[in-house]
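Undergrad: Just need the structure, nothing else, for what follows:
(chains A, B, C and D)
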There are 4 protein chains.
Amino acid sequence: MKPNLIRRVVAEFIGTLLLLAAVVGSGIMAECLSAGNVAIALLANTVATGAALIAIILAFGPVSGAHLNPAVTLADAWIKGIPWREVPAYILAQLTGAITGVAAAHLMFGLPVFSVSIHVRSGPGQIFSEFVATFGLLAVIWGCARTRPTAVPFAVGAYITAAYWFTASTSFANPAVTIARCMTNTFAGIRPSDVAPFVAAQLAGAACATLLFQWLLPRAITPPDILVKQAQN
Amino acid sequence: MKPNLIRRVVAEFIGTLLLLAAVVGSGIMAECLSAGNVAIALLANTVATGAALIAIILAFGPVSGAHLNPAVTLADAWIKGIPWREVPAYILAQLTGAITGVAAAHLMFGLPVFSVSIHVRSGPGQIFSEFVATFGLLAVIWGCARTRPTAVPFAVGAYITAAYWFTASTSFANPAVTIARCMTNTFAGIRPSDVAPFVAAQLAGAACATLLFQWLLPRAITPPDILVKQAQN
Amino acid sequence: MKPNLIRRVVAEFIGTLLLLAAVVGSGIMAECLSAGNVAIALLANTVATGAALIAIILAFGPVSGAHLNPAVTLADAWIKGIPWREVPAYILAQLTGAITGVAAAHLMFGLPVFSVSIHVRSGPGQIFSEFVATFGLLAVIWGCARTRPTAVPFAVGAYITAAYWFTASTSFANPAVTIARCMTNTFAGIRPSDVAPFVAAQLAGAACATLLFQWLLPRAITPPDILVKQAQN
Amino acid sequence: MKPNLIRRVVAEFIGTLLLLAAVVGSGIMAECLSAGNVAIALLANTVATGAALIAIILAFGPVSGAHLNPAVTLADAWIKGIPWREVPAYILAQLTGAITGVAAAHLMFGLPVFSVSIHVRSGPGQIFSEFVATFGLLAVIWGCARTRPTAVPFAVGAYITAAYWFTASTSFANPAVTIARCMTNTFAGIRPSDVAPFVAAQLAGAACATLLFQWLLPRAITPPDILVKQAQN
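TA: Model prediction:
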């Protein structure tokens, strides 16, 4: 009864669009209202992003799984949760959705559709932060996804709420989000030249967490189809 | 075993009353205590509104479905979730409940029962924000309502928590709320002349999300009665 | 399999003790750290109280129902949820637990065991606020308690989080809490002469919500025992 | 089907590592951004820690139970939830994970791998606070663990969110966390000479709550294996 690919891809597009609208839009609002107190701005940005993730994953999870993140899609394909042939469509939808979401945030706040960020996010601490952030994100997903799927929206929302504060990079943890955020010269932006190392660290973190959970909790990363077959035998 | 219409209408009245008391009352308290820091005031207003939605939908959902919102009632009637003949009573209860809730907030804080807002909320960014806000709200509702109804209170509370920050209009997303908020010249107010474009954008957003989910996840918007009949055949 | 009365009374005592330690302790910490910004202090006090309620009701609910509140115990006895003969023991445990919790908070922060509050909380807005606050609290409880008891801790925690901000009185909504809070001359205190009107308004609000839900959702306030018998016939 | 000891020990190591990275990392970020307003810094630290606990317990609970805390492991062994012979491996994993987590936080923020804290946390109020904090934590765990295990991550996250504010010590409530936090001279640090009294008070609080719940709710602390056998007889 899985929805067909075109429906799932549209769900990934709209879901990632709303996610980026939330991340970038709440950053603009927070910076605008906080009178220079960056802690209050980041706290508002954090609450909005964590809550948006809960709502968006609840809304689009039943359609596409609500990956909203190429690192999640690649890891899921690796453990045979989604066929490799569907991966390009998922990632394309996530990237275009993310970029459209940045434009939507800018239009809501009366800003130019796109602007190039000059926000420097570089150095080993930032790169290591993205590794840790994405390692943790995938650990949380693999720890819940198969055995308690109804907890995933809350687990992911809670994890990103925490990771905005405990990583030096404010936890992008998502290649599509990272690429899209170089197109906004606002609170949430990232300089284009800092994107590639972020994405590399994110993919490395996702791979390590997936390897760890393949060993730690094998049933956690068995695709649902195989679990059903095992139960039938 | 559905409660009769009069009980459901009273539940919509009391539920929307409490929602507006929460939105307007927490705005008054927040503005009063925050010493001019609008980010802190909006953060308090956000936390109070999101939490109030969770509690109110949990409390009145078993009686009336806890629509609390004419856009939700109209969309639900469109997909045959509620009969059209019950719509006027629902909307009247929401409107009168919302207005009574504003009065209740004013009385709690020792203000005149009503006051006309002079808070300007206009321009294309604000209107587009209300379209996005209500599109997202209905997407979240349709994504959960039929398949995981116990998640709806948390999904809606989380969504509005996020949308207060990521839309330029602080996400009214509700025609009854919008009309009632022009009667309070406090933090949450809106100038009467700005109400009509807000409501139009909200209805357009709700319609687009409902159309999208009719195609995206057909079972998500099948009325529960039909789902039961299908399961019996 | 209900635990015997002495166990339930001890659970009410310890639960209300922890609740008051949380309300008063977080108020002291918040006032101490917030450098005079009352909005930030109240936000911290709110987050701590709402989260404490979730944890305490989850912990002690399986033992005693986690009333922690004489207004809840009286309303529950009224609808035959608890026998009247157990009410005095419950209320005594709540009162002594609440007072002991204030002492515990004071000892943690190195203050005298008790101090008489001089915090004025009077006037019709404050009294009406306590009516609304307790009406809403009981509405939330009756809306969830019988049909979705697992949601009660989250519903009550969310409701009080909201009500701290949307009522002018910061929502005491609990006679035991009100009496105990006149013994702390800190952020959460209330002048002893303001206690009686608060308690009267709380009991009136609880009665109105209970009457409303007796009509609105009769099965919501049928005691669990009778529900079981009905299911057996 | 319980995972073998080595997997469970690795889960305790990684889970406690992430917990300390969250506690220490968010403290560094919060202090850095809050411009001297300690209430805002602690609020950010609180939100991050509570959310991290929810995510980490959801992720690693299915593998090892996600104790992340020697006081929990000792109490669980006491009531025969885990065999005594596995306790040293659990505690060693928690201690080394906690210390590695501090190093991870420091590396993310470009600080030396370890630094000795000079943050004084002493006096009877602080010690009594740790007793109360850990008593409450174990009460919350025993109140949920056997009868509603899916609520544990949310109960623990909510409890610590509250306890950061209502205890004078900001609720360490965990010997491994306490020892590791003396190795960071940042917001979350504790002077090494203050560690021993904290740990003693934590163990006393854990013991009292475990004794209380053995009497209050005997089935709450019956090991799952015995519950299964009772159901079979």
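Undergrad: Enumerate every residue touching A:Ala188.
TA: A:Val23, A:Val24, A:Gly27, A:Ile28, A:Asn45, A:Arg181 (Cβ atoms under 8 Å, 6 or more residues apart in numbering or on different chains). Placement of C-beta: from N, CA and C, glycine included.
Undergrad: Then A:Arg121?
TA: A:Ser169, A:Ile190, A:Arg191, A:Asp194, A:Phe198.
Undergrad: Repeat the analysis, applying 6 Å as the threshold.
TA: A:Ser169, A:Ile190, A:Asp194 (Cβ atoms under 6 Å, 6 or more residues apart in numbering or on different chains).
Undergrad: In helices, which of the contacts of A:Ala188 appear?
TA: Members of those lying in helices (criterion: DSSP state H): A:Val23, A:Val24, A:Gly27, A:Ile28, A:Asn45, A:Arg181.
Undergrad: Distance to B:Leu216, pLDDT and neighbour count added to those residues, as a markdown table?
TA: Formatted as a markdown table, those follow (distance: Cβ to Cβ, whole Å; pLDDT from 0 to 100; neighbours: other Cβ atoms under 10 Å in any protein chain shown):
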| residue | distance to B:Leu216 | pLDDT | neighbour count |
| --- | --- | --- | --- |
| A:Val23 | 23 | 98 | 31 |
| A:Val24 | 24 | 98 | 31 |
| A:Gly27 | 28 | 98 | 26 |
| A:Ile28 | 29 | 98 | 24 |
| A:Asn45 | 29 | 98 | 28 |
| A:Arg181 | 26 | 98 | 27 |
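Undergrad: Including distance to chain B, could the residues you listed go into TSV?
TA: Output for the ones in helices among the contacts of A:Ala188, formatted as TSV (distance: Cβ to the nearest Cβ, whole Å):
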residue	distance to chain B
A:Val23	8
A:Val24	8
A:Gly27	9
A:Ile28	8
A:Asn45	7
A:Arg181	14
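Undergrad: Which single one of those residues is nearest to D:Phe154?
TA: Distances from D:Phe154 to the ones in helices among the contacts of A:Ala188, taken as Cβ to Cβ, are shortest for A:Asn45 (23.3 Å).
Undergrad: doesn't A:Met29 make contact with the closest one?
TA: No - under the criterion of Cβ atoms under 6 Å, A:Asn45 is not in contact with A:Met29, lying 8.6 Å apart.
Undergrad: Would you quantify the distance from the residue lying closest to A:Ile127 once chain neighbours are set aside to A:Ala71?
TA: With sequence-adjacent residues excluded and distances taken as Cβ to Cβ, 6 or more residues apart in numbering or on different chains, A:Ile127 is closest to A:Ala201, at 4.8 Å. Per Cβ to Cβ, to the nearest Å, A:Ala201 is found 10 Å from A:Ala71.
Undergrad: and what of A:Leu107?
TA: Relative to A:Ala71, and taking Cβ to Cβ, A:Leu107 is found at 28 Å.
Undergrad: Give me the more crowded residue out of the two.
TA: Between A:Leu107 and A:Ala71, counted using other Cβ atoms under 10 Å in any protein chain shown, the more crowded position is A:Ala71 (29 against 19).
Undergrad: List phi and psi for the more buried one.
TA: A:Ala71 adopts backbone torsions of phi -60, psi -40, taken as degrees, to the nearest 10.
Undergrad: these two touch, right, it and A:Ala204?
TA: No - shown here, A:Ala71 and A:Ala204 do not form a contact pair, counting by Cβ under 6 Å, at 9.8 Å.
Undergrad: Overlap in contacts, these two.
TA: Joint contacts of A:Ala71 and A:Ala204 (Cβ under 6 Å, 6+ apart) do not exist.
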